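Engineer: Sequence and predicted model, in that order:
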Amino acid sequence: MIDPRLDALRDQLARRVALQLDSQAQRLPHDIGERLRVAREQAVRRARESRLVEAAAPHAVAVRTGADGSVALGGTPSWWVRIGSALPLLVLVVGLLLIQHLQENAEISAAAEVDSALLADDLPPDAYGDPGFVEFLKHGQP
């Protein structure tokens, strides 16, 4: 689960930090050094306990908190979650197809209305394509 390269980099960083802290800790007064030693022992004990708890419960769900305060669950999502995630996309696609179908029907209806008006008119349909008819419409009847 954990990338070995990432784990090795973490260990290397931890060693560097520990080395720097140890070198600087020798300069501190004795009472502060003792408090730091006790705090370090407590931190190591808590880390061991948390590792034991993690090892005992391998099926626990990890909860991660983002920098913006959002909470995310770790682990693989179940099939219901995957289906629930795909459902809005499916609804969107069906909605777009419905809109396209309604738009096509509206265009067909408008074209049929124009065609029926042309066919029901007293003028033959060929008259509308005649260039003289356009001049006739511009100047009116003689």
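Structural biologist: Arrived safely, thanks for sending. Residues are numbered from 1 along each chain as shown.
Engineer: Where does pLDDT dip in the protein?
Structural biologist: For the chain, the stretches with pLDDT under 70 are 1, 57-77, 140-142.
Engineer: And the strands in it, which stretches?
Structural biologist: Assigned by DSSP state E, the strands in the chain fall at 63-65, 71-73.
Engineer: per-domain residue ranges of this protein.
Structural biologist: As assigned by automatic domain parsing, the chain contains the domains 1-75, 77-142.
Engineer: For these, could you give me CSV that also reports mean neighbour count?
Structural biologist: Glycine gets a C-beta too; all of them are placed from N, C-alpha and C. CSV is the format used below for the domains of the chain (neighbours: other C-beta atoms under 10 Å):
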stretch, mean neighbour count
domain 1-75, 9
domain 77-142, 10
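Engineer: now the helix ranked longest in the chain: how far from the chain's centre is it?
Structural biologist: With DSSP state H setting the assignment, residue counts place helix 79-120 as the longest helix in the chain. Relative to the chain's own centre, helix 79-120 is displaced by 26 Å; criterion: C-alpha atoms, centre = their mean, to the nearest Å.
Engineer: Mind telling me which residue is nearest the centre of the chain?
Structural biologist: Ranked by distance to the mean C-alpha position of the chain (C-alpha atoms, centre = their mean), the top residue is residue 85 at 10.3 Å.
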